[in-house]
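[1] Can you look at this prediction? I've put the sequence above it.
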Amino acid sequence: MKTLLGAWASLALAGLVCGQDRFVAASYSGNLEFNTGYSAGADIRLGTRELGSLDATRTRVEYRGMFHPGADFQWGVGVAYTRWDFGREAGNPLPANLQSAALPLTVSWRFREGWQAFGEVSPGIYSDFEQIGGDDFNAPFIGGVGYTVNPDLQVFLSASIDPRRDIPVVGGPGVRWRFAEDWTLSLLLPRPQIQYRPSADWTLHVGAEMAGGAFHLNPAFGTRRGLPAMDDQMITYREIRTGAGARWGGPKGFQASIEAGWMIDRRFVLDDVRLQFNGDGAVYGMVSIGYRY
């Protein structure tokens, strides 16, 4: 997960590229994006132990550059910083924040008519950013293949792999289908959606999202909080959301989007020591601005 978010972005990109012409004049394209979101406070617990309310704020800044976009072989490099800030009550042993700083590396190869292979690895630091060491390094990966059935229909098979996540492999089949003039069904993790495009500049959607990632906690993390089992552990944070939103902007230039809905699941999982913190549902909202050239 993102890491999942940035990694699975390659899948959505592949879906668009598979349907493009075999040649475009541009040799480089760039995308700068900032987004932030807030999930409202809701009760969270460790087993039967009530820990009060917890809310979450996610902030992400990312730049991605792609060389030879639309060509049979294209590759890209980027830089991304993500931060989760958690508001929690006194005595709650969960972290105040989790962060990642990564360098996403992307490749996409159209190896025969209609077929494309794609992959992305995101090496970087994923931790609470205290006492940073080698255990904070990780490199989540996503890879797969896509096939263009016709200009309105692309199908995919892909997998996101992160051995440090509580669920190391997430993936399977996916589809992007424009089933009517202004309507598209995009069944692509982590953001399956139904999209409606009333004009060239506007896209409306309803759907779901899986957000979060795997992070390393520092060697003294749990001891400081009265729960030594959390020392030096990997923690997976996950939110599952459903909502609706709108996006403004074309393929180039400025873009903006807004979304709101209901977070149906929130949890922190420390798989190696069998600890799981479960949270109740809550409202969420997020906004994003970006520029493509």
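    Yep, that arrived.
[2] I figured Leu185 was touching Arg176, is that so?
    Yes: distance between Leu185 and Arg176: 7.4 Å, which falls inside the contact criterion (C-beta atoms under 8 Å). Heads up, the C-betas are built off the backbone N, CA and C, glycines and all.
[3] So which of those two has more stuff around it?
    Arg176 (25 against 17; other C-beta atoms under 10 Å).
[4] So in that sheet, which strands flank the helix or strand hosting that one, and in what orientation?
    Arg176 is part of strand 169-180 when elements are defined by DSSP states H and E. In the sheet, strand 169-180 lines up against strand 153-161 (antiparallel), strand 183-187 (antiparallel) (DSSP bridges).
[5] Show me what counts as buried in it.
    Judged by neighbour count using 16 or more other C-beta atoms under 10 Å, the buried positions of strand 169-180 are 170-171, 174-178.
[6] And for stretch 253-260?
    With the criterion 16+ other C-beta under 10 Å, stretch 253-260 contains buried residues 255, 257, 259.
[7] so what's Val79 up against?
    Going by C-beta atoms under 8 Å, 6 or more residues apart in numbering, Val79 touches 62-63, 101-104.
[8] and if you look at Asp135?
    127, 216, 232.
[9] TSV for the contacts of Val79, including pLDDT, distance to Ser288 and neighbour count?
    Rendered in TSV, the data for those read as follows (pLDDT from 0 to 100; distance: C-beta to C-beta, whole Å; neighbours: other C-beta atoms under 10 Å):
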residue	pLDDT	distance to Ser288	neighbour count
Glu62	98	10	20
Tyr63	98	14	16
Ala101	98	19	15
Ala102	98	18	25
Leu103	98	21	13
Pro104	98	17	25
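[10] Of all pairs in those, which one is the farthest apart?
    Of all pairs drawn from these, the one with the longest distance (C-beta to C-beta) is Tyr63 and Ala101, at 12.5 Å.
[11] Quick check: neighbours shared by those two?
    Looking at what touches both Tyr63 and Ala101 (by C-beta under 8 Å, 6+ apart), the common residues are 79-80.
[12] Show me the shaky parts of the stretch 1-150 of the chain.
    Judged against pLDDT under 70, the low-scoring parts of the stretch 1-150 of the chain cover residues 1-25.
[13] quick one: the helices in the stretch 101-250 of the chain?
    Using DSSP state H, counting those that start in this stretch, the helices of the stretch 101-250 of the chain run over residues 221-224.
[14] So in that sheet, which strands flank the strand or helix carrying Phe277, and in what orientation?
    Assigned by DSSP H and E, Phe277 falls within strand 275-279. The strands that strand 275-279 pairs with in its sheet are strand 28-46 (antiparallel), strand 253-270 (antiparallel) (by DSSP bridges).
[15] Tell me the buried residues in that strand?
    Within strand 275-279, the residues that count as buried by 16+ other C-beta under 10 Å are 275, 277, 279.
[16] Put the alpha carbons of it into CSV.
    Taking C-alpha atoms only, strand 275-279 is exported to CSV below (Å, rounded to 0.1, in the frame of the first residue of the first chain):
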residue,chain,number,x,y,z
LEU,A,275,-1.1,-7.3,17.7
GLN,A,276,-4.0,-5.6,15.9
PHE,A,277,-5.6,-2.3,16.7
ASN,A,278,-9.1,-2.0,15.1
GLY,A,279,-10.9,1.3,14.6
